[in-house]
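Trainee: Pasting the sequence and the predicted coordinates here, then a few questions.
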Amino acid sequence: MNVTLDQPRRAAALPIPALQQALWREYPDLVLRPTVAAPCSAGSDTARLVSLMVGRRKVRQGEALYRERDPFRYLYAVQSGSFKSTLALANGCEQVNNFHMAGELLGLDGVAESCHASSATALEDSEISTLSYTHLSELCAMTADIQACVMRLISREIVRGNGQVLLLGSLNSAQRLAAFLLNQSQRLSARGYSAVEFHLKMTRGEIGSYLGMTLETVSRTFTELQQQRLLAVERRHIVITSLDGLARV
């Protein structure tokens, strides 16, 4: 963590609640300023939890936010940048099981067993805000609305996992890659960005790991979609020339 914090000056200028003091002890680089709303849908469950978060801190490209089997203590909101979630395989390799962009939550995988079931690593220089799960549990006990919000978010993670199983089990390579690109398009569009032109933050190898495809198959499938005039690709820069056509693959 490399964010410089003028601790004495900030401590004098800003009364710090006990919860923030605990966070500060664990993360000396925590910037104690109001959390700016991440680009998620107004009124959404994610936005509700983000509004409860305190502080912001940077996570450098390639740095782990948490690792598989780490104790679970916090939920995180991606304020800027992006992350990948990975699972360790028996052969020492890693399996990508999700990608997260600004406005999305990280850490819900730790609720079940009080430790993280996956690792989260920054794909680029990123910034996150933090919410203590202990504090969230106290709020859930007091407020049914917050409890329902958390349950819906966990349910959506289950639905997403089921969708990933369907993606890997029933679609061919072109359909998998098309579905992945359409998903990226929809998520970026919901945040006010272009739905048809964007820069992928992950490598083709990471895309392949997520989609259950080899690097060679990912590269070949990109070429096939370009030949069908559905995409224009320059390294990681993507232009979707036909959203309807991509959806029909």
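Mentor: Yes, it's here. Numbers count the residues shown, from 1 in each chain.

Trainee: can you give me the helices for the chain?
Mentor: Using DSSP state H, the helices of the chain run over 7-13, 18-26, 45-50, 133-142, 144-170, 173-190, 204-211, 215-227, 243-247.

Trainee: could those go into CSV alongside mean pLDDT, distance to Gln61 and mean neighbour count?
Mentor: For glycine as for every other residue, the C-beta is placed from the backbone atoms N, C-alpha and C. Formatted as CSV, these follow (pLDDT from 0 to 100; distance: least, Cβ to Cβ, whole Å; neighbours: other Cβ atoms under 10 Å):
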stretch, mean pLDDT, distance to Gln61, mean neighbour count
helix 7-13, 36, 26, 11
helix 18-26, 55, 22, 14
helix 45-50, 82, 23, 20
helix 133-142, 88, 26, 15
helix 144-170, 82, 25, 13
helix 173-190, 93, 19, 18
helix 204-211, 96, 13, 21
helix 215-227, 97, 20, 16
helix 243-247, 95, 29, 14
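
Trainee: right, and those helices - which one's nearest Asn91?
Mentor: Nearest to Asn91, of all the helices of the chain, is helix 204-211, at 12.9 Å by Cβ to Cβ.

Trainee: got the CA coordinates for the closest one in PDB?
Mentor: Output in PDB follows, covering the C-alpha atoms of helix 204-211 (Å, rounded to 0.1, in the frame of the first residue of the first chain):
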ATOM      1  CA  ARG A 204      -6.700 -13.100 -23.000                       C
ATOM      2  CA  GLY A 205      -5.300 -15.800 -20.700                       C
ATOM      3  CA  GLU A 206      -7.500 -14.600 -17.800                       C
ATOM      4  CA  ILE A 207     -10.500 -14.500 -20.100                       C
ATOM      5  CA  GLY A 208      -9.800 -18.000 -21.200                       C
ATOM      6  CA  SER A 209      -9.500 -19.100 -17.500                       C
ATOM      7  CA  TYR A 210     -12.900 -17.500 -16.800                       C
ATOM      8  CA  LEU A 211     -14.600 -19.100 -19.900                       C
END
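
Trainee: Would you mind pulling up the elements that that helix packs against?
Mentor: Other elements packing on helix 204-211 under the criterion 3 or more Cβ pairs under 8 Å, 6 or more residues apart in numbering; DSSP states H and E are strand 94-101, helix 173-190, helix 215-227.

Trainee: Check the offset of the shortest one from the chain's centre.
Mentor: Strand 94-101 has its average C-alpha position 8 Å from the chain's average C-alpha position, going by Cα atoms, centre = their mean, to the nearest Å.

Trainee: Can you tell me what sits against it?
Mentor: Residues outside strand 94-101 that contact it (Cβ atoms under 8 Å, 6 or more residues apart in numbering): 78, 82-89, 106, 118-120, 123, 160, 164, 187-188, 191, 201-202, 206, 209-210.

Trainee: next one: the longest one
Mentor: Outside of helix 173-190, the residues that reach it under the criterion Cβ under 8 Å, 6+ apart are 41, 101, 167-168, 171, 194-196, 198, 200, 207, 210-213, 217-218, 220-222, 224-225, 230-231, 238, 240, 243, 246-247, 249.

Trainee: 6 Å instead?
Mentor: 167, 195, 198, 211, 213, 217, 221, 246, 249 (Cβ atoms under 6 Å, 6 or more residues apart in numbering).

Trainee: In contact with Gly107: list those residues for me.
Mentor: 75-76.

Trainee: Just the pLDDT for it.
Mentor: Note on Gly107: pLDDT of 93.

Trainee: Ile146 versus that one, what's the distance?
Mentor: Counting by Cβ to Cβ, to the nearest Å, the gap from Gly107 to Ile146 is 16 Å.

Trainee: Equivalent analysis for Ile207, please.
Mentor: 35 Å.

Trainee: which residues does the residue nearest in space to the middle of the chain bridge with?
Mentor: Nearest residue to the geometric centre of the chain (Cα atoms, centre = their mean): His100, 1.9 Å. With DSSP bridges as the criterion, His100 is bridged to Phe83.
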